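A.B. asks: what follows is a predicted structure for the sequence shown.
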Number of protein chains: 2
Amino acid sequence: MNIDIRMAHLFSALNEDQVRQVMESSHIGTFKDGESLFETGDEANRFFLVIGGQIKLFRVSSNGDQKIIDIIQPGNTFAEALMFMEHPIYPVSAEALGPAKIISFDNRRFLQILSGSIDVCFRIMGTMSQRLRGLIKEIDDLTLQSATTRLCAMLLHRMEDVGQDHFTLPAAKGVLAARLSMKPETFSRILQNLSTKDILRTKSNEIQVLDENLLRSLAHLESIYGLEPEKPCALKGQSIPIDLN
Amino acid sequence: MNIDIRMAHLFSALNEDQVRQVMESSHIGTFKDGESLFETGDEANRFFLVIGGQIKLFRVSSNGDQKIIDIIQPGNTFAEALMFMEHPIYPVSAEALGPAKIISFDNRRFLQILSGSIDVCFRIMGTMSQRLRGLIKEIDDLTLQSATTRLCAMLLHRMEDVGQDHFTLPAAKGVLAARLSMKPETFSRILQNLSTKDILRTKSNEIQVLDENLLRSLAHLESIYGLEPEKPCALKGQSIPIDLN
DNA sequence: GTTATGCCTTGATCTTTGTCAAACAGAAAA
DNA sequence: TTTTCTGTTTGACAAAGATCAAGGCATAAC
């Protein structure tokens, strides 16, 4: 297995020996589309690193609707914050979005390593701090913004990520709709509406943005605060080069 | 000043000397109702501990609406997660809800102490983990639930806190409405609706619950996962008695 | 090629919540 | 006591999304 887990920010401060220790308690697994890693309410003894594919984190309401909390991309960890709880329980369910490759780690083992490395602690705190910020932003979006605003903001982010005004949607439309807390029908109607206003053109999952400025104003992105995620800071003077093997 | 900051979970693992160090960088202040501590987008060099009164954390949308993210009660810290960012910026605004007494602390100084104490790090991670959980729950509420559901859940929580079916609302109705992401008018109408259904009786800010079961079913509280916040765990075998002076 | 399957779109309608405006109530100030 | 202020309630109405039902369109299976 020639994967260096230090590609993940969480592990980047570990030395060779610590990596070995962590890996001892790890399991690698492949998951088919829709296969479940864990469910809301399960006991949380392990956390995860996505190697390939995407993982959908979601909650289900009593009437069967699901709200996607996050879609985890390769190189990122999730559920690691839970290890600091006394009786950790997953607050979300997780399943593969398409085929995915995942490594899982034992919480207890990792806590032991943590207790010997302040630097790793600092990194984790940085990561958690970022997530907190992201979630606050999310609440903001959900309450202060309309469905159109949310969709436009998502398109703009995607556009900036790719660096082109022409791009492919990062997931199926139905999935994106759930991520943005709206029904597929609403998603569809908004896209259609943007098309008739010549703000963009769509062809299946391909998007071509025609009027970026209009799109931007619809997304209310003139707001005061920065939207880009902050980089967490490590202990100053202790930056450790990331070994990618 | 005879306040022992170790009443706050965040500081509970500090020894005498560390407390002294932290206090050196602290400022104590009193705030009048509505007075601002900081605004969304301000540089975040300090974090805070509420000694008395309540602090409202909120965001404002472009049209002037405000969404209350949290109401911080005495004994609790806030904005401490930001200190792990490189260029920390408050993601919310904070102001006093009624007269309040606050201590603020310098981030850098606290980070220095942190770098010498794994146990304090663990506590912070525990706190942050709890907050993450709380925010996920919040997103859940906002998207999966209706306004009525949210209000009923809030009433039930309050009722369980107090331990009686008769209690006072913890803040002005308008404030609670904002906290629950609805307009005061909607809040009012829902309460009135619950009254006509004989589920509860209201007299200004006093609530008398008549039919707990019905209220509970309206709040959809039969869900699988526990709603009570988890206690974060400290490093095992290192519990430190909390000195309340 | 034909059929099935899953996803997406479209239209009609309904529900929930927000908006605006006015009335009201209680507490504090004059 | 009267006035004023602020917060709450109420009603009529508008708007955003959800829901339900049907149709379209692709890709994979037969």
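C.D. replies: Thanks, I have it.
A.B. asks: least trustworthy helix or strand in chain A by mean pLDDT?
C.D. replies: helix A:118-144 (a mean of 84; mean pLDDT, DSSP states H and E).
A.B. asks: that helix vs chain B: in contact?
C.D. replies: Yes. Judged by CB under 8 Å from any CB of the partner chain, helix A:118-144 comes into contact with chain B through A:118, A:121-122, A:124-126, A:128-133, A:135-140, A:142-144. To be clear about C-beta, it is placed using only N, CA and C from the backbone, and glycine gets the same treatment.
A.B. asks: and chain A, which residues reach DNA strand C?
C.D. replies: A:Ala172, A:Lys173, A:Gly174, A:Pro184, A:Glu185, A:Phe187, A:Ser188, A:Arg189, A:Leu191, A:Gln192, A:Thr202 (CB under 7 Å from any atom of the strand).
A.B. asks: show only the entries of those residues found in strands.
C.D. replies: A:Thr202 (DSSP state E).
A.B. asks: tell me the buried residues within the residues of chain A next to DNA strand C.
C.D. replies: A:Phe187, A:Leu191 (16 or more other CB atoms under 10 Å in any protein chain shown).
A.B. asks: which of the residues of chain A next to DNA strand C fall in helices?
C.D. replies: Members of these lying in helices (criterion: DSSP state H): A:Lys173, A:Gly174, A:Pro184, A:Glu185, A:Phe187, A:Ser188, A:Arg189, A:Leu191, A:Gln192.
A.B. asks: which of those sit farthest apart?
C.D. replies: Largest separation among these by CB to CB: A:Gly174 and A:Gln192, giving 15.5 Å.
A.B. asks: okay, and A:Gly53 sits in which element?
C.D. replies: strand A:46-60 (DSSP states H and E).
A.B. asks: is that strand anywhere near DNA strand D?
C.D. replies: No. Using CB under 7 Å from any atom of the strand, strand A:46-60 stays clear of DNA strand D, coming no nearer than 13.7 Å.
A.B. asks: run a quick neighbour tally on A:Arg20.
C.D. replies: A:Arg20: 10 surrounding residues under other CB atoms under 10 Å in any protein chain shown.
A.B. asks: tell me what the strand or helix carrying it is packed against?
C.D. replies: Element membership for A:Arg20, per DSSP H and E: helix A:16-24. Helix A:16-24 is packed against helix A:107-114, with contacts defined by 3 or more CB pairs under 8 Å, 6 or more residues apart in numbering or on different chains; DSSP states H and E.
A.B. asks: quick one: secondary structure of A:Ser62?
C.D. replies: coil (DSSP: H, G, I helix; E, B strand; the rest coil).
A.B. asks: dihedrals phi and psi, it?
C.D. replies: Per-residue torsions, A:Ser62: phi -60, psi -30 (degrees, to the nearest 10).
A.B. asks: shouldn't A:Ile28 be within a helix?
C.D. replies: No. If the criterion is three-state DSSP, then A:Ile28 is strand and not within a helix.
A.B. asks: buried sites along the least confident helix or strand of chain A?
C.D. replies: A:118-133, A:135-136, A:138-144.
A.B. asks: and it with helix A:16-24, angle?
C.D. replies: 60 degrees (axes from the mean of the first three to the mean of the last three CA atoms, to 10 degrees).
A.B. asks: ok, helix A:118-144 near DNA strand D or not?
C.D. replies: No. On the criterion CB under 7 Å from any atom of the strand, helix A:118-144 is out of touch with DNA strand D, staying 10.6 Å away.
A.B. asks: and that helix with helix A:107-114, angle?
C.D. replies: 120 degrees.
A.B. asks: ok, now how distant is the residue most central in space within chain A from A:Ile55?
C.D. replies: In chain A, the centroid-proximal residue (CA atoms, centre = their mean) is A:Ile72; its distance is 3.7 Å. Look at A:Ile72 and A:Ile55: by CB to CB, to the nearest Å, they are 4 Å apart.
A.B. asks: can you pull the residues that touch both of these two?
C.D. replies: The contact sets of A:Ile72 and A:Ile55 overlap at A:Phe78 (CB atoms under 8 Å, 6 or more residues apart in numbering or on different chains).
A.B. asks: any residue of stretch A:83-103 touching chain B?
C.D. replies: Yes. On the criterion CB under 8 Å from any CB, stretch A:83-103 is in touch with chain B at A:Met83, A:Phe84, A:Met85, A:Glu86, A:His87, A:Pro88, A:Ile89, A:Pro91, A:Val92.
A.B. asks: which bits of chain A sit near DNA strand D?
C.D. replies: A:Asn63, A:Asp65, A:Ser146, A:Ala147, A:Thr148, A:Ser181, A:Met182, A:Lys183, A:Glu185, A:Thr186, A:Ser204.
A.B. asks: now the fourth one: how far from chain B?
C.D. replies: To tie it back to what came earlier, the one meant is A:Ala147. 11 Å (CB to the nearest CB, to the nearest Å).
A.B. asks: surely that residue is in contact with A:Ile190?
C.D. replies: Yes. The criterion here is CB atoms under 8 Å, and A:Ala147 meets it with A:Ile190 at 6.3 Å.
A.B. asks: could you check which of those two has the larger neighbour count?
C.D. replies: A:Ile190 (21 against 16).
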